[in-house]
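Trainee: quick one, structure for this:
(chains A and B)
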Amino acid sequence: MEGLKVLLVDDEEEFVSTLAERLRMRGIETGTAGDGEQALKSISEDPPQLVVLDVMMPGLSGLEVLRRVRSEHPHIPVILLTGIGGTREGIEGMRLGAFDYLMKPLAIEDLISRMRAALAASRGGA
Amino acid sequence: MAPMEMRETAFMGRITANATHEMKNVLAIIKEYVGLIQDILARLDKDSIPSSEKMFRSLESIRDQVQRGVDLSEYLNRFAHSPDETIGTFELNLTVSQIVYLSRRLAKLKEISLEAAQQNQTITIVSDPLKAQMLIFQCIDVLLDVLESGATMRLEALQLDPGTAAVEFSTDKVSAEARQRLKDASGAPQWSSLKELAGTLGGSILLGQEDPLIRLVLPVDAEHKM
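Mentor: Numbers count the residues shown, from 1 in each chain, chains lettered A, B, ... in the order given. Coordinates of the predicted model:
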């Protein structure tokens, strides 16, 4: 996963910063955003190869951010993070074009394995 | 349920469901911090870490406890959403597991083990989810007052025929005294109200002195029987 650049989007600052640090320790260049607006700005200015996006955020919801990313940057795969009982939102997100969804708390190995699969699929589809 | 009671139940459900989301966020942060410490320790020479075995074991214990908290939050969240609909579709094995999980502490205080039998068959029920769970819980409660400490209570969901399902409550240990208490319980007002509650779901309930000690029968589709 060396050389990979991802953007983590979640309003839980401590969650996102700790997870980002752990991904960086694994050689993954990781940026963070605390809300949907910030995420869209960051994606436009410095597009990542993949976005990991929380569904439940104040302001722009994760699903709305997903819609915009899929419409403006269709080549960037998105993995959603959902909370309890988030299966419905996860399925809705996949219908809107998310590659996959994971429930929080997550196992970092699962996240990395989904990231690999998302990138392989996006390269295959390109 | 009266409209005021429905509003009160919905209020409690909404507040609880919301709090479980927050609990899970807290647990997710703890899990990431533990993961970060483990990542940092993994890069160090094990011999340079004081009490390394104890430290690694403690971190694993924190992870296990986080998972326990996650399971509890998930069950509690599903439970809190029960009053969302007066008629809803639910899976009976999952509902039994949920109530068993949420009642374990109560059983532990009476030194009784509570188990849900693992089932591969899906049993889909259309009924009042809150009342159905209340009924299962109250059956557990009756048996907790009857069984002696050290006993194991086992709940099993069964599909009896295409239109009927059941939850059977069994145990591995019934003394003569417990049998007498079971007999007394069947004449108690609490049992009559349980029978009444089962009736409102179009079901029935039987209390015996041999396994299954309680058999709760529910229609698979209660919508037209309530």
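Trainee: in stretch B:68-76, what counts as buried?
Mentor: The neighbour-count check on stretch B:68-76 (16 or more other CB atoms under 10 Å in any protein chain shown) flags B:69-70, B:72-76 as buried. Any C-beta I mention is one placed from the backbone N, CA and C, and that applies to glycine too.
Trainee: got TSV for those residues, with pLDDT and secondary structure too?
Mentor: Shown next, in TSV, are these (pLDDT from 0 to 100; DSSP: H, G, I helix; E, B strand; the rest coil):
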residue	pLDDT	secondary structure
B:69	95	helix
B:70	92	helix
B:72	93	helix
B:73	93	helix
B:74	90	helix
B:75	92	helix
B:76	93	helix
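Trainee: contacting chain A as well, which ones from these?
Mentor: Residues of the buried residues of stretch B:68-76 in contact with chain A (CB under 8 Å from any CB of the partner chain): B:70, B:73-74.
Trainee: can you pull the buried residues of the longest helix along chain A?
Mentor: Across chain A, the longest stretch assigned as helix under DSSP state H is helix A:108-125. For helix A:108-125, burial by neighbour count (16+ other CB under 10 Å) applies to A:108, A:111-112, A:114-115, A:118-119, A:122.
Trainee: for those residues, could you give me TSV that also reports pLDDT and distance to residue A:89?
Mentor: Converted to TSV, the buried residues of helix A:108-125 look like this (pLDDT from 0 to 100; distance: CB to CB, whole Å):
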residue	pLDDT	distance to residue A:89
A:108	96	22
A:111	97	17
A:112	96	22
A:114	96	16
A:115	96	20
A:118	96	18
A:119	94	23
A:122	87	22
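Trainee: dump the residues you listed into a markdown table; add distance to residue B:82 as well.
Mentor: Compiled in a markdown table, the buried residues of helix A:108-125 are given as follows (distance: CB to CB, whole Å):
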| residue | distance to residue B:82 |
| --- | --- |
| A:108 | 33 |
| A:111 | 31 |
| A:112 | 36 |
| A:114 | 32 |
| A:115 | 36 |
| A:118 | 35 |
| A:119 | 41 |
| A:122 | 40 |
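Trainee: what is the nearest of these to chain B?
Mentor: Chain B lies nearest to residue A:108 out of those, by CB to the nearest CB, at 6.0 Å.
Trainee: right, and that closest one touches residue B:35 too?
Mentor: Yes. Judged on CB atoms under 8 Å, residue A:108 makes contact with residue B:35 at a distance of 6.0 Å.
Trainee: next up, the contacts around the residue lying farthest from the centre of chain B.
Mentor: Distance from the C-alpha centroid of chain B, by CA atoms, centre = their mean, peaks at residue B:48 (45.5 Å). For residue B:48, no contacting residues are found, by CB atoms under 8 Å, 6 or more residues apart in numbering or on different chains.
Trainee: distance of it relative to chain A?
Mentor: Residue B:48 sits 18 Å away from chain A, going by CB to the nearest CB, to the nearest Å.
Trainee: for chain A, which segments count as helices?
Mentor: Listed in chain order, the helices of chain A (DSSP H) span residues A:13-25, A:36-45, A:62-72, A:87-95, A:108-125.
Trainee: which SSE is residue B:168 in?
Mentor: Element membership for residue B:168 (DSSP states H and E) is strand B:164-171.
Trainee: now the angle from whatever helix or strand comes next after that strand to strand B:164-171?
Mentor: Remark: after strand B:164-171, the chain's next helix or strand is helix B:176-186, criterion DSSP H and E. Going by axes from the mean of the first three to the mean of the last three CA atoms, to 10 degrees, helix B:176-186 is angled at 140 degrees with respect to strand B:164-171.
Trainee: with just CA atoms, put the next helix or strand after helix B:176-186 into CSV.
Mentor: Following helix B:176-186 in sequence order, the next helix or strand is helix B:189-200 (DSSP H and E). What follows is helix B:189-200, C-alpha atoms only, in CSV (Å, rounded to 0.1, in the frame of the first residue of the first chain):
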residue,chain,number,x,y,z
PRO,B,189,-51.4,-13.1,38.9
GLN,B,190,-48.1,-12.5,37.0
TRP,B,191,-48.7,-15.6,35.0
SER,B,192,-52.3,-14.6,34.1
SER,B,193,-51.1,-11.2,32.8
LEU,B,194,-48.4,-13.0,30.7
LYS,B,195,-51.1,-15.2,29.2
GLU,B,196,-53.1,-12.1,28.5
LEU,B,197,-50.1,-10.5,26.8
ALA,B,198,-49.5,-13.5,24.7
GLY,B,199,-53.2,-13.4,23.7
THR,B,200,-52.9,-9.8,22.5
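Trainee: contact partners of helix B:189-200?
Mentor: The contact list for helix B:189-200 (CB under 8 Å, 6+ apart) reads B:128, B:131, B:134-135, B:138-139, B:142, B:185, B:204-205, B:207, B:216-218, B:226.
Trainee: take these and keep only those in helices.
Mentor: Using DSSP H, those in helices are B:131, B:134-135, B:138-139, B:142, B:185.
Trainee: reformat the residues you listed as JSON lines; add distance to residue A:67, pLDDT and neighbour count.
Mentor: Formatted as JSON lines, these follow (distance: CB to CB, whole Å; pLDDT from 0 to 100; neighbours: other CB atoms under 10 Å in any protein chain shown):
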{"residue": "B:131", "distance to residue A:67": "39", "pLDDT": "94", "neighbour count": "20"}
{"residue": "B:134", "distance to residue A:67": "41", "pLDDT": "95", "neighbour count": "16"}
{"residue": "B:135", "distance to residue A:67": "43", "pLDDT": "96", "neighbour count": "23"}
{"residue": "B:138", "distance to residue A:67": "46", "pLDDT": "95", "neighbour count": "19"}
{"residue": "B:139", "distance to residue A:67": "47", "pLDDT": "95", "neighbour count": "25"}
{"residue": "B:142", "distance to residue A:67": "52", "pLDDT": "93", "neighbour count": "23"}
{"residue": "B:185", "distance to residue A:67": "57", "pLDDT": "87", "neighbour count": "18"}
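Trainee: no further questions, thank you.
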